[in-house]
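Enquirer: Have a look at this fold, sequence not included:
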């Protein structure tokens with residue numbers, strides 16, 4: 001089955017207005033169509049599982065999904081926090097799914113901590129007759145979920161690579177901080193970055209290490225890497241939390257180099273505006289969450305399946321020149337750009 005991108009139209013659009021409009025339209029439509037949503041006595045029980053609410057990215061995603069459910073009405077929204085001891089845990093996330101099957105739910109949206117490790121548990125949910133939509137991170141390909149909604153993480157990695165080549169016209173040596181081993185987002189972002197950089201030889205990755213999507217681990221990895229490679233020309237990271245740690249170490253060592261993140265968190269937007277980071281990648285987590293919820297609820301309603309299994313939002317490069325285009329610009333105290341255009345539409349993946 002081919003993958004489709006939910007590509008934003010070339011004419012800009014105010015994404016905050018777009019999301020509110022889409023949420024309102026979705027709420028009205030689903031409230032009229034979904035059994036138990038608009039007036040039935042028994043609410044739908046929808047679980048939303050993420051690797052860990054210690055990640056600001058997932059806090060934002062869950063918050064918007066819960067608000068979307070509240071706007072629709074008639075939904076008992078169950079948040080499942082996959083962290084244990086302050087760290088994402090596939091064991092904890094698996095146990096949460098087992099508990100949901102035992103207690104009974106009508107549907108599941110999940111961002112799997114590890115694509116392979118969560119495969120058996122997600123398959124067990126499906127075997128119990130419960131529809132599953134993955135969001136942001138995917139599960140192993142042999143697990144037949146209803147749908148996957150996410151950013152095109154491979155393309156996001158490519159965007160990072162192209163930006164590095166642009167800002168280092170004379171070439172350079174860079175550090176790459178990968179995410180959590182086994183996470184589909186980490187695998188795909190690395191693949192996209194590697195693809196672009198392998199096509200040229202001016203910009204070279206001299207350190208490529210996982211840092212678990214975590215700020216503290218990024219500090220440790222960068223400090224250790226500087227011991228043998230004291231003057232990198234840039235640091236590219238698979239999420240913003242790692243970029244914050246990398247930027248902290250760069251500053252402490254007197255390195256005035258570009259640091260690139262991924263997620264467009266409000267803190268990253270502020271850091272870019274202040275010159276502590278060069279760029280980040282926007283992947284529109286709010287739109288991912290609401291799209292995933294709508295697909296799940298439509299299936300619960302009348303068995304409607306999405307035309308394509310994989311729906312991807314095209315990622316966008318955010319720099320000091322376009323901070324207002326970020327989904328969370330307002331949270332960073334940045335006035336959103338006045339943008340015109342239409343809602344995202346599905347176009348075939350390249």
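Expert: Received, thanks. Since the model is a prediction, treat every value here as computed from it, not as a measurement. Numbering: from 1, shown residues only.
Enquirer: count of neighbours near residue 275?
Expert: 9 (other CB atoms under 10 Å). Every residue, glycine included, has its C-beta placed from N, CA and C.
Enquirer: In contact with it, which residues?
Expert: By CB atoms under 8 Å, 6 or more residues apart in numbering, the contact list for residue 275 reads residue 320.
Enquirer: From residue 256, how far off is it?
Expert: Between residue 275 and residue 256 the computed distance is 9 Å (CB to CB, to the nearest Å).
Enquirer: Ok, residue 124 next?
Expert: Counting by CB to CB, the separation of residue 124 from residue 256 is 51 Å.
Enquirer: Looking at those two, which one has more neighbours?
Expert: For the pair residue 124 and residue 256, the greater number of neighbours falls to residue 124 (14 against 7), based on other CB under 10 Å.
Enquirer: Distance-wise, check the more buried one relative to residue 76.
Expert: Counting by CB to CB - residue 124 and residue 76 are separated by 21 Å.
Enquirer: List the residues that contact residue 91.
Expert: residue 84.
Enquirer: So which bits of the helix or strand hosting it are buried?
Expert: Element membership for residue 91 (DSSP states H and E) is helix 90-103. Using 16 or more other CB atoms under 10 Å as the test for burial, helix 90-103 gives 90, 92, 93, 94, 96, 97, 100, 101.
Enquirer: what's the answer for stretch 128-147, then?
Expert: By 16+ other CB under 10 Å, the buried positions in stretch 128-147 come out as 130-140, 143, 145-147.
Enquirer: Kindly report the same for stretch 152-164.
Expert: 152, 153, 154, 155, 156, 157, 158, 159, 160, 161, 163, 164.
Enquirer: Could I get the average pLDDT for it?
Expert: Average pLDDT, stretch 152-164: 97.
Enquirer: Centre of the chain to that stretch, how far?
Expert: Here stretch 152-164 is found 14 Å from its chain centre; the criterion is CA atoms, centre = their mean, to the nearest Å.
Enquirer: Mind checking what helix or strand follows the helix holding residue 91 in sequence?
Expert: strand 107-110.
Enquirer: what is the mean pLDDT for whichever helix or strand comes after that next one?
Expert: Once the chain leaves strand 107-110, the next helix or strand it forms, by DSSP H and E, is helix 119-127. Here helix 119-127 scores 98 as its mean pLDDT.
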